Each structure stands twice: as structure tokens, then as C-alpha cells.
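A.B. asks: I would like the atomic coordinates for the input below:
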Amino acid sequence: MPHCAGRLHRPCPMKNLVVLHLESMSRQRLAAFAPVLPHTTRLLREAVVFENFFASATSTLMVVGYLFHGNDFEYDTSTEFEGMRPNRNNPNLFSILQERGYNSQLICLSGFHHIKPVELLSWAGGLPPVWGTNDFPTLFARFDELTDSAPFAIYVWNLITHIEHSLVLASRSNGLTDQIRRACSIADDAVGQIRAILERKGLLENTTIVLYGDHGDDPWTHGFKAGMTHGTEPYTDIIWTPLAIRDPGLAPRTVDGLARTIDIAPTCLALLGVDAKLPFPHSGVELLQGSADFAYSQNFTANQPDDAAKGISKAFSITDETYTLVASSRGLEMYAHRLDPGNHCNLLRLFALDATGCPRLLPQPNAVGHFKAGWLDNPSSAHDVASSFQRLRSALAARVEAKRAYIVSRGIEPVHALPRACFDSLSQEGRDAFYRRPAAPATAPVRMPAFDISYKPR
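C.D. replies: Just a heads-up that it's a prediction; the model follows:
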């Protein structure tokens, strides 16, 4: 056990850990509702902020399992999302801490707790049961109680900002945007309350606080998807989320390197001074010692089929500092995520693959000056896309192949693994609409009723 400087015969108290799970919070949402997030903003100013943190999955349950176990292979053998259990390639972060003397707990606020309490299959390994409530004062009282006994490791999951749970605010909201804004404000107040409890009890400067977003929402900008907003394909607007670590030994700063969900567990262990190895070969890295070259994400398990009923394809993405490449049964898509964080323009619509599989910019004889300045008169743009495409495709194909091999190593047939041929074709979805106007409607347009100017909203 480490010793305090100047107090060589008295061991330092073990640092505590609090993980604050920002449900459905993307970087975009954090910026859009910044005025109602003062407590979160304050914590960010006091923390190491990872500007390029990407969620390792688009669904909460997958993200949480990846965080706990420090790798993104945990569910890949499963052919169904419902009921999937982690394979425990690494031990659960909170199980490791519990074995080292920590009081490990998961507390959750759910709008549906009175109907269906939260069950989390990735919270296992001898850990205490998930504790839940649908009442904020009760949540804070429970947190206050748990922090009476140190060292503690507490995971706080507040679901109010999930689009379904925010429905409890609908009756007092002016539309969906206001509903989400109010949910963000309430979640921010919870961040402030938890910080205040730690400060009041003199625990703040001996506690590592991790604040992270599990995923964002795609409000139907990439298709209806049966109405789903997340769990869909891993586009940047869903996977680019906040991560900040407030630690008494770390000076506040911004880190530009890539960071991933799977890196949180090894980083927490290092900050707490817990010498525990994560043996799985595809585990995350300790973020304060460097970053990975790429961030990977996925929406389904590697052995799960496309969901035709919802219009969702199983997809894997790879992200570097500039581009995101997405592979699915539709083929390949590529986005410049800094210029296009919503991933609305698939750059590969501007290219065709030559005989060597390298993208070549298509001629655009009717292009205006804006396009010429960006591409036709700027050969470095096309060269950068082509070289990055080759590098990203190779790395993502290797990652998907590693997942296929992992499934086989577990004695399971990879019946729904992504076909290798998907890396040899470009997605054609939306290409016609991108280049020309849609055909005239075959039927008469739907006419809206006359607007009643006497109507006054209440």
C-alpha cells in the first residue's frame, strides 16, 4: 500500500471511486443544453476532459458491460440482444475493487422502477444487488448512506435523460425538445447534489469521479428505424460522448487523443493504485499513459443478424481523429466526423473503387465552385480520403475478423458474422437521392386543413 509523503509510517487512505453515468448524453446534447448544465460544466472545468471519447457501442446495456469488463467482445457470441450475458473475458471492475476491500454498489434512478425494477446481467460476480428507486431524494439519501463507509466504489445510473424515462416530464413540457432540456436540467442537479454530498463529508479530495456518456440519440436522421433513436448503426452523433475524470492527483486539462468506453476500467484501476491486470488481449488501455490508434464501436453483437423489421443493419465502425468508417451488410460508408458530426454526407458517394480497391474521385462536370474548391481543385482532399480509407478498412476488417475468430474459439458457429465481402463494396443507400431530385409524387399531395388563426396555445 502506498505511503503519504512526509508520513512514512502511516498509509494513505484508499481513494474512493464514483462513476456518474450520463444516460443518452452525447457531445452534441451536452453543447445544445449547456445553459441548463451548470453543475456538469463545473465538474468538467475541474477534470481531465477527453475531447475525443467514443462509446464502444450504441446501446446502454452493451456499453455498461464493456465498461465493467474493459473490452468490447463480451457479448459477441450471442445471437440475440435480449437476455445476453457477458462472457467475463475480464473480471468486472467493481468485483476487482470489492475483492480489494471496496464497498462496491450500483444505484439507479428509473422512471419505471415501480413497474419493473432495473436488472443488469453484467452486474454480477458476487456484487450486491442493483439498488433502484424512482425518487430523487431517496437516491441522494442512499448515496449519502453508502459514502459513510470508505473505501467505496459507487456506480450511479440516472435514467431520466433516456427518451422513454423523460416521458414523466411530458405533461409540464412544451414539446419534445423542452422535455429533453428539462431532463438534462434534472440530471445536472443530481450531479451537483452528489458532488455536494462528497464535499460536505470531506470526501471530494479523496475520490476519483468519472463522468461519462453511454451513447447519444439519433433523432431519426438516418431513417425511421421503427422509431428507435439509439441501438442503431454507430454513427458519430450516437457514439461521440463526454468523458471527464476528476481526481485529486490530476490537474484539469483537455486530452485530444482517442478514448473509448473499454479504456475506463484500466484507467480507474491505475488511478486507484490497484494492481490488477485485465488479461483479455483486446482490453482497453490506461488513458493517462497514452491512447489507442482507433476507436471501434458496434450496434449489435458480432453474431447477431440484421433486424429487417426495424430497418437496422448490424454495423461496426472505426474512428480516427478525422474520419469514421462504417461497415455493414449494405457495404461501406465513410464520414468526415469533424466537418459532419451528424454523418449526413457519406463521402464514398463521391468515389468509386478502382481495380485495386482504392477510392477514386468521380468526375462531377456540373459541380459549382464550392465543390471544386473542396475537391476537384484540391487533390489533397481526395488523397487523404483514399489513404485513410485504406488504413481504416484494413484495421476494421481485422477487428471484425478477430471477433469472428473469438466466436469460433468459444465453440460457437459464427452464423451471423459480418461477411468479409462487405468490406469490398460501397453502400449505395441514398446515392440516387444525393445526386438528383426525387421523382414527382404519383398521387396528389396531402393538403393540410386551413390554419385557424384564432387558436391560442395554452
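
A.B. asks: Tell me which helix or strand comes right after the helix or strand of the chain with the lowest mean pLDDT.
C.D. replies: Sorting the helices and strands of the chain by mean pLDDT, DSSP states H and E puts strand 7-11 at the bottom, at a mean of 40. Moving toward the C-terminus from strand 7-11, the next helix or strand (DSSP states H and E) is strand 16-22.

A.B. asks: Figure out how far that following strand is from the centre of its chain.
C.D. replies: Counting by C-alpha atoms, centre = their mean, to the nearest Å, strand 16-22 is centred 16 Å from the centre of its parent chain.

A.B. asks: Run through who's touching that strand.
C.D. replies: Strand 16-22 is contacted from outside by 40, 64, 67, 97, 102, 147, 150-158, 161, 187, 191, 194, 198, 203, 206-214, 241-242, 264, 268, 272, using C-beta atoms under 8 Å, 6 or more residues apart in numbering. Bear in mind the C-beta positions are built from the backbone N, C-alpha and C, glycine included.

A.B. asks: so after it, what's the next helix or strand?
C.D. replies: Downstream of strand 16-22, the next assigned helix or strand under DSSP H and E is helix 27-32.

A.B. asks: got the CA coordinates for that next one in CSV?
C.D. replies: Taking Å, rounded to 0.1, in the frame of the first residue of the first chain, the C-alpha atoms of helix 27-32 are listed here in CSV:
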residue,chain,number,x,y,z
ARG,A,27,-21.3,15.7,-27.0
GLN,A,28,-23.9,17.3,-29.2
ARG,A,29,-26.5,17.3,-26.5
LEU,A,30,-24.0,18.5,-23.9
ALA,A,31,-23.4,21.5,-26.1
ALA,A,32,-27.0,22.1,-27.0
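
A.B. asks: Give me the contact list for that helix.
C.D. replies: The contact list for helix 27-32 (C-beta under 8 Å, 6+ apart) reads 37, 40, 180, 184, 213, 216-217, 237, 240-242, 341-342.

A.B. asks: which SSE is Tyr212 in?
C.D. replies: strand 207-213.

A.B. asks: got the angle for that strand vs strand 16-22?
C.D. replies: With axes from the mean of the first three to the mean of the last three C-alpha atoms, to 10 degrees as the basis, strand 207-213 and strand 16-22 are set at 20 degrees to each other.

A.B. asks: Contact partners for the closest residue to Ile186 other than its chain neighbours?
C.D. replies: In this structure, Ile186 finds its nearest non-sequential neighbour in Ile160, 5.4 Å apart by C-beta to C-beta, 6 or more residues apart in numbering. Applying C-beta under 8 Å, 6+ apart, we find Ile160 in contact with Glu23, Leu109, Gly111, Ser166, Val168, Ala183, Ile186, Ala187, Ala190.

A.B. asks: what are the pairing partners of the strand holding Tyr212, and which direction each?
C.D. replies: Using DSSP bridges, the strands paired with strand 207-213 are strand 16-22 (parallel), strand 243-246 (antiparallel).

A.B. asks: Could you identify the helix or strand that succeeds it?
C.D. replies: Counting by DSSP H and E, the next helix or strand C-terminal to strand 207-213 is helix 236-239.

A.B. asks: Just the residues contacting that following helix, thanks.
C.D. replies: If you take C-beta under 8 Å, 6+ apart as the criterion, helix 236-239 is touched by 26, 28, 54-55, 58, 215-218, 221, 230, 232, 295, 297, 317, 319, 324, 335, 337, 340-343.

A.B. asks: got it, and stretch 350-366?
C.D. replies: With contact meaning C-beta under 8 Å, 6+ apart, stretch 350-366 is reached by Leu348, Phe371, Trp375, Leu376, Ala382, Val385, Ala386, Phe389, Gln390, Asp424, Ser425, Leu426.

A.B. asks: how close does the second one get to Asp377?
C.D. replies: Phe371 sits 9 Å away from Asp377, taking C-beta to C-beta, to the nearest Å as the criterion.

A.B. asks: Specify which residue of the two has the higher count of neighbours.
C.D. replies: Taking neighbours as other C-beta atoms under 10 Å, Phe371 and Asp377 compare with Phe371 leading, 14 against 10.

A.B. asks: What sits closest to the more buried one if chain neighbours are left out?
C.D. replies: Spatial nearest neighbour of Phe371, chain neighbours left out: Gln364 (6.2 Å); criterion: C-beta to C-beta, 6+ apart.
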